[in-house]
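Trainee: Need the 3D shape of this:
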Amino acid sequence: MLYILLTIIISVLLLLIFKAFQKYGVNSLVAIVVNYITAGITGILFFNSDISINAILASDWIYICLPLGLLFICIFYLIALTTHRISISAAAVANKMSVIMPVLYSIIFLNQHLSALKIVGIVLAMLAVYLSTRSSQKSNVSSSLIWLPVLVFVGSGLIDIAINASNAFYIHSKGESALFSICTFLSAFVIGIIILLYSVFVKRSLSIKEVVAPKNIIGGLVLGIPNYFSIFFIFKSLDANVLQSAQLFPVLNLSNVALSAFLGWLIFKEKLSPINLAGIALAIISILLISF
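Mentor: As a prediction, this is how the structure comes out:
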């Protein structure tokens, strides 16, 4: 359970860091790119054996790293866009509702059995995530922006499925899971550099001054270290076999919602409506049903 707890804590920390980005005017795109090279280097520093390039290139999972890295950086940025253009609630709902995709994958493709009680817990989990992040304010958002949360939902689900499938079929040791994480983060960094170059020299939506601004670099460094360990501890949680993957992802995401709501109230003085509180209570009930 220790790895599950660490995964939850670090995942919530990432959300708090994103919240701080908005407060201090950090450019999310630049910080996200810096974050991935930071995460990759962190993984290399904490890797406790020699890294063989030939072994990496010959691995079963190397071809998954590039598309997964693309998903990583795109979904991180789409979450930021959804937060800015729609609302934090919309981003949270889209991201956390994606829990249903790895659950269905685990049942259909990994033949994992769920009891009726756990199925009820998963159904309640979906409702809990929605209620926990539901805004009491009427939305004036243009319908043309609906694609943002839809892409966050699909992309986040695909990331969870890819991690789950990689762990089940392609990663054969704990050392490989660490290397897989490192290569995925470095792939995301390379893709991010290409995006930054395009933004600066072609689209001209960013200046070089913004790219090298100290607050953006520092923001990426602060984000990158916990970001590496968020993935590292997900693999550790899967390896521990305390919960089936169909149960693990709902527990992680729902705990993330509940703790984020509490810390948002405690640190940032965010108001929780009665509906939000009901959702948090329902999340706790669903976690108990899924876990036990």
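Trainee: which stretches of this protein form helices?
Mentor: 2-24, 28-46, 53-57, 62-85, 88-97, 100-109, 116-133, 147-165, 174-201, 208-211, 214-240, 245-267, 274-291 (DSSP state H).
Trainee: Please name every helix or strand in contact with the fourth one.
Mentor: For helix 62-85, the helices and strands in contact under the criterion 3 or more C-beta pairs under 8 Å, 6 or more residues apart in numbering; DSSP states H and E are helix 2-24, helix 28-46, helix 88-97, helix 147-165, helix 174-201. Using the backbone N, CA and C atoms, a C-beta is placed for each residue, glycine as well.
Trainee: ok now stretch 279-292, how far from the chain's centre?
Mentor: Its chain's C-alpha centre and that of stretch 279-292 lie 20 Å apart, by C-alpha atoms, centre = their mean, to the nearest Å.
Trainee: contacts for that stretch?
Mentor: 117-118, 120-122, 124-125, 127-134, 243, 247, 250-251, 254-255, 257-258, 261-262, 272 (C-beta atoms under 8 Å, 6 or more residues apart in numbering).
Trainee: I'd like to know which of the helices of the chain has the weakest mean confidence.
Mentor: Among those, helix 88-97 carries the lowest mean pLDDT, a mean of 66.
Trainee: Output the helices of the chain as a markdown table; include the columns mean neighbour count.
Mentor: Listed next are the helices of the chain as a markdown table, based on neighbours: other C-beta atoms under 10 Å:
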| stretch | mean neighbour count |
| --- | --- |
| helix 2-24 | 17 |
| helix 28-46 | 22 |
| helix 53-57 | 10 |
| helix 62-85 | 20 |
| helix 88-97 | 23 |
| helix 100-109 | 19 |
| helix 116-133 | 20 |
| helix 147-165 | 20 |
| helix 174-201 | 20 |
| helix 208-211 | 13 |
| helix 214-240 | 20 |
| helix 245-267 | 22 |
| helix 274-291 | 18 |
